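1. with the input below, show me the fold.
(one chain, ligands or ions: 1)
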Amino acid sequence: MKALIISLILVFLSFILFSQEANYDESEVPDYKLPQLLVSKSGKEIKTKNQWLKDRRAEILIDFQEEMFGRVPGELKFSGIGLMEENNSAVNGKAVRRQIRLFFNRNEKEIYIDVLMYLPKTPKPVPVFLGLNFLGNQTVYNDPEIYITNSYIINNSELGITEHKATGQSRGGKAYRWGVEKLINSGIGLVTACCGDIDPDRDDFIDGVHPMFYKEGQTEPLPDEWGTIAAWAWGLSRIMDYLETVKEVDSEKIVVLGHSRLGKTALWAGAADQRFAAVISNDSGCGGAALSKRAFGETIGSINQAFPHWFCGNFKKYGNNEAELPFDQHMLIALIAPRPVYIASAFDDQWADPKGEYLSGYYATEVYRLFGLKGLESPDPPQINSPIMGSVSYHIREGEHDLKEFDLDQYIKFVELFVIK
Ligand code: GCU
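-> Alright, predicted model coming up:
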């Protein structure tokens, strides 16, 4: 009886804590103190890029691994590659389309990632955009030859996705986000895969890549082991392993990008894996580019409640307790330095805290300066639709939470300026 009463009280208290309305009022942002980027845990001041790389970067990376995204518990490379389909005159004859299946085996379990590529036909190896998609490869371009995903995906009634299964109705449904023809015309390839191939986006750890690492009797990752976002980022690194073997791809010019939860994923993939040449985060919000300690819009408490599987178990302790967080998202951006990073917000997407997304880039800029690079130099965000281009780039676009043509146009320019050069 006593236990029942205690648990009822706990449920009630967590309801009160987590059901707090999101704050959208700048004057209600709590006073917060960001952990310093350029002072190491032992108190040493970081003054040079070498000190940053040697003394500071690794300790920040470990904090994000152990307290937020979760550690990858072991090594696993693809065990086989299947060429499912190839066509040398896709996109009006301008590109090669290839569909590849990457197999992973361990613990008597198997998963596979279906990778779709469009590569412009040029004599030289090409730069590519690599990003996961939400709803299957068939949504990224209106091309009847793309295989429809079998993976569990989130429902989308507009695209006829009910019961978490895609049908032909979703073909090309998100083509505006990927601009395949525009990329090809700019000499950039596209490589994509469905996030559900790596781990279905639902609150359990019984499918996808996680169980492949379980010890006997284990049913979920340990508190410091990977959640779903870290698993997706792991998948991006495995696709990178594969791309390093593709002769038409310039593996030094692979730009990882993503929208929203997959924008959080792109940031973590780029922070953890230095092979990515640049990172683009579109409307990534809480757990992505937005500073957590501002608690503006979506908070750690609300994200952990709505999506308990995204981050590791240890991250739960910071819900409604941002002051205790030993890092903040400006440090995630700084982990990408000196590689270029683009952070984008949308004005109507206050849930993602556009100002907090800008500020993390602004505060991270001091690390870029150690490398003689420029980023976001003003503490005030720019006007709507006025991109700032630098090693840390930023824009806030008018309109809603999405990846629109305006966003993509800036990303192409950014990559031309800072990656292709
Ligand atoms: C929700 C979630 C966000 C996330 C977004 C998305 O809005 O709260 O954190 O970025 O979904 O992935 O679309």
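2. may I see the buried residues of stretch 126-143?
-> Within stretch 126-143, the residues that qualify as buried are 126-141, 143, counting by 16 or more other Cβ atoms under 10 Å. Any C-beta I mention is one placed from the backbone N, CA and C, and that applies to glycine too.
3. which residues of the stretch 201-350 of the chain fall in helices?
-> Counting by DSSP state H, counting those that start in this stretch, the stretch 201-350 of the chain has helices at residues 228-243, 261-272, 300-306, 329-334.
4. next one: the stretch 51-200 of the chain
-> Here the stretch 51-200 of the chain has its helices, by DSSP H, counting those that start in this stretch, at 57-64, 90-93, 175-178, 180-185, 195-198.
5. out of the ones you listed, nearest to the ligand?
-> For the helices of the stretch 51-200 of the chain, the distance to the ligand is smallest for helix 195-198, at 10.1 Å, taking Cβ to the nearest ligand atom.
6. got the contact list for A290?
-> A290 is in contact with 284, 296-298, 329, 352-353, 356-357, 360, counting by Cβ atoms under 8 Å, 6 or more residues apart in numbering.
7. one step back: can I get the helices of the stretch 51-200 of the chain in TSV with mean neighbour count and distance to I384?
-> Compiled in TSV, these are given as follows (neighbours: other Cβ atoms under 10 Å; distance: least, Cβ to Cβ, whole Å):
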stretch	mean neighbour count	distance to I384
helix 57-64	16	31
helix 90-93	15	33
helix 175-178	17	20
helix 180-185	19	23
helix 195-198	27	30
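8. I'd like those helices laid out as JSON lines, including mean pLDDT.
-> JSON lines is the format used below for the helices of the stretch 51-200 of the chain (pLDDT from 0 to 100):
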{"stretch": "helix 57-64", "mean pLDDT": "98"}
{"stretch": "helix 90-93", "mean pLDDT": "98"}
{"stretch": "helix 175-178", "mean pLDDT": "98"}
{"stretch": "helix 180-185", "mean pLDDT": "98"}
{"stretch": "helix 195-198", "mean pLDDT": "98"}
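9. V249 versus A289, what's the distance?
-> 27 Å (Cβ to Cβ, to the nearest Å).
10. those two: which is more packed in?
-> Legend: neighbour count by other Cβ atoms under 10 Å for A289 and V249, higher for A289 (34 against 22).
11. residue contacts, the nearest residue to the more buried one once chain neighbours are set aside?
-> The shortest distance from A289 to any non-neighbouring residue, by Cβ to Cβ, 6 or more residues apart in numbering, is to E357 (4.1 Å). E357 makes contacts with 281, 284-285, 288-290, 343-345, 394, as judged by Cβ under 8 Å, 6+ apart.
12. 10 Å instead, please
-> Residues counted as contacts of E357 (Cβ atoms under 10 Å, 6 or more residues apart in numbering) are 263, 281, 283-286, 288-291, 329, 333, 343-346, 349, 381, 394, 396.
13. got it, and A230?
-> Here A230 is in contact with 64-65, 68-72, 199, 209-210, 221, 265, 268-269, 272, 310-312 (Cβ under 10 Å, 6+ apart).
14. buried ones among those residues?
-> 64-65, 68-70, 72, 199, 209-210, 221, 265, 268-269, 272, 310-312.
15. burial count for S237?
-> 15.
16. correct me, but it touches A272?
-> Yes. Look at S237 against A272 with Cβ atoms under 10 Å: they come within range, at 7.5 Å.
17. who touches both of those two?
-> With Cβ under 10 Å, 6+ apart, S237 and A272 have common neighbours V72.
18. so how far is T265 from the residue of the stretch 101-250 of the chain found nearest the ligand?
-> Closest approach between the stretch 101-250 of the chain and the ligand, counting by Cβ to the nearest ligand atom: F134, at 7.7 Å. F134 sits 11 Å away from T265, going by Cβ to Cβ.
19. who touches both of those two?
-> With Cβ under 10 Å, 6+ apart, F134 and T265 have common neighbours 195, 258-259.
20. relative to R177, how far out is the closest residue in space to C286 that isn't next to it in sequence?
-> Spatially, and ignoring its direct neighbours in sequence, C286 is nearest to E298 (3.9 Å; Cβ to Cβ, 6+ apart). As judged by Cβ to Cβ, E298 and R177 stand 21 Å apart.
21. repeat that for D283.
-> 11 Å.
22. tell me, what's touching those two both at once?
-> By Cβ under 10 Å, 6+ apart, the residues touching both D283 and R177 are 259, 402-403, 407.
23. whichever of these end up buried, select them in ChimeraX.
-> The ChimeraX command for the buried members of the shared contacts of D283 and R177 (criterion: 16+ other Cβ under 10 Å) is given here:
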select :259,402,403,407
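24. will you turn the shared contacts of D283 and R177 into CSV that also has pLDDT?
-> What follows is the shared contacts of D283 and R177, written out as CSV (pLDDT from 0 to 100):
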residue, pLDDT
H259, 99
D402, 98
L403, 98
D407, 99
